[in-house]
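Novice: Got a sequence here, can you build the structure:
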Amino acid sequence: MFRGRQQGLFLVLLSVVSFVLLTPVACQAAPHYRVVCTTGMITDIVRNVAGDRAEIKGLMGEGVDPHLYKPTRTDIGALMRADVVFYNGLLLEGKMTDALIRVAVSGKKVYAVTELLDEQFLLEPAEFQGLYDPHVWMDPDAWAQAVEVVRDKLIEFDPDGATTYRDNANKYLTTMRELSIYCEQILQTVDENQRVLVTAHDAFNYFGRRFDYEVIGIQGLSTQSEAGVKDIERIVGVLVDRKIEAVFVETTIATRNVEALVAGSAARGHQVRIGGKLFSDAMGAPGTYEGTYIGMIDHNVTTIVRALGGEAPARGMQGKLASPEDGR
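Specialist: Purely as a prediction, here's the structure:
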């Protein structure tokens, strides 16, 4: 009888060990390569496309300005340990150039997600003297091409996950197409003479071209540029002459220049209000809807439309916005 119990216990243990060793789910639970991304918008693409096949780290979080960002020692370590690195390109991460070159020279896979964009599509402001505007994520149709770059590079690096990457990318791209249509529909509810987007810096030019809005940035494309008194006076003149109702601050830039517009307009007898905070170079807080690319753009267009007198659901396209007026 004792021997029978031993044998029964042995069979139970054998079955448990066999289950642990042979079950595919257990073998696939841990991610098997590392991806590091610069901006939050890129990190969101990779998380949606790679799923749990990769360990994913984003270097720049909420409220971080990529134009001014300098990599820390910890960032350099993460980049050197990565198997794949994705960055925006078009000199958005200008102060990271040396670090990215060093990582690429070490043999890592380093890719710009904007590499599929045709040069004829890219905006080339006169102030940049032959360089391109890097803020392409403001046009969802253009940013869809960044998704394709991530998908194809991950398939190239990890062919076993090809089906997963294609399926995940297709789902993400479908939502992006829905977002683009939503943006177009609600932005057109704003009266034509109010379709003027005044913000802290020129991050919305692709947005303006895609949705037929005039965009005026107080600072230039890079937040390193400074706005002068003449710039403020010129924009105040536009606000007063055209009776623009609202201007917008950005989550990554100080509000003083936008506040100067409000004060300057009031001094000339025209009341302009701050219509809300927009996400320009960074997304919202991690773990929130606004902390995703879809939520970021949904927040922006919903905030713009409601502030300029158009019609948009208070909670946005998916009913998930925390509060479109306060920029959370």
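
Novice: and the chain, what are its domains?
Specialist: When the chain is parsed with automatic domain parsing, its domains come out as 28-183, 191-307.

Novice: Same list, those domains, but as CSV with mean neighbour count please.
Specialist: In short, each C-beta sits where N, CA and C put it, glycine included. Below are the domains of the chain laid out as CSV (neighbours: other Cβ atoms under 10 Å):
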stretch, mean neighbour count
domain 28-183, 18
domain 191-307, 19
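
Novice: show me where the chain has helices.
Specialist: Remark: helices assigned in the chain by DSSP state H are 2-22, 24-28, 40-50, 73-81, 97-105, 140-157, 162-187, 205-211, 229-242, 256-267, 293-307.

Novice: on that earlier part again, averaging pLDDT over each of the domains of the chain, which comes out lowest?
Specialist: Of all those, the minimum mean pLDDT falls on domain 191-307 (a mean of 91).

Novice: So for H67, which of the helices of the chain sits nearest?
Specialist: Comparing these by their distance to H67 (Cβ to Cβ), the top pick is helix 97-105, with 12.4 Å.

Novice: what is the orientation angle of that closest one with helix 73-81?
Specialist: Using axes from the mean of the first three to the mean of the last three Cα atoms, to 10 degrees, the interaxial angle of helix 97-105 with respect to helix 73-81 works out to 30 degrees.

Novice: tell me which strands and helices helix 97-105 is in contact with?
Specialist: helix 73-81, strand 84-87, strand 109-112 (3 or more Cβ pairs under 8 Å, 6 or more residues apart in numbering; DSSP states H and E).

Novice: gap between that helix and the chain center?
Specialist: Helix 97-105 has its average C-alpha position 22 Å from the chain's average C-alpha position, going by Cα atoms, centre = their mean, to the nearest Å.

Novice: So what touches it?
Specialist: With Cβ atoms under 8 Å, 6 or more residues apart in numbering as the contact definition, helix 97-105 has outside contacts at P71, D75, I76, L79, M80, A82, V85, Y87, L91, E93, V110.

Novice: redo that, cut-off 6 Å
Specialist: In this structure, residues lying in contact with helix 97-105 by Cβ atoms under 6 Å, 6 or more residues apart in numbering are P71, I76, L79, V85, V110.

Novice: and what of stretch 109-127?
Specialist: When contacts are defined by Cβ under 6 Å, 6+ apart, stretch 109-127 is touched by residues 42, 84-87, 89-90, 100, 103-104, 132-133, 136, 145-146, 149, 153, 205, 220.

Novice: Now do the contacts for the residue nearest in space to the middle of the chain.
Specialist: For the chain, the residue sitting closest to the mean C-alpha position, by Cα atoms, centre = their mean, is M41 at 2.5 Å. Taking Cβ under 6 Å, 6+ apart, we find M41 in contact with W137, Y293.

Novice: Thanks a lot, see you next time.
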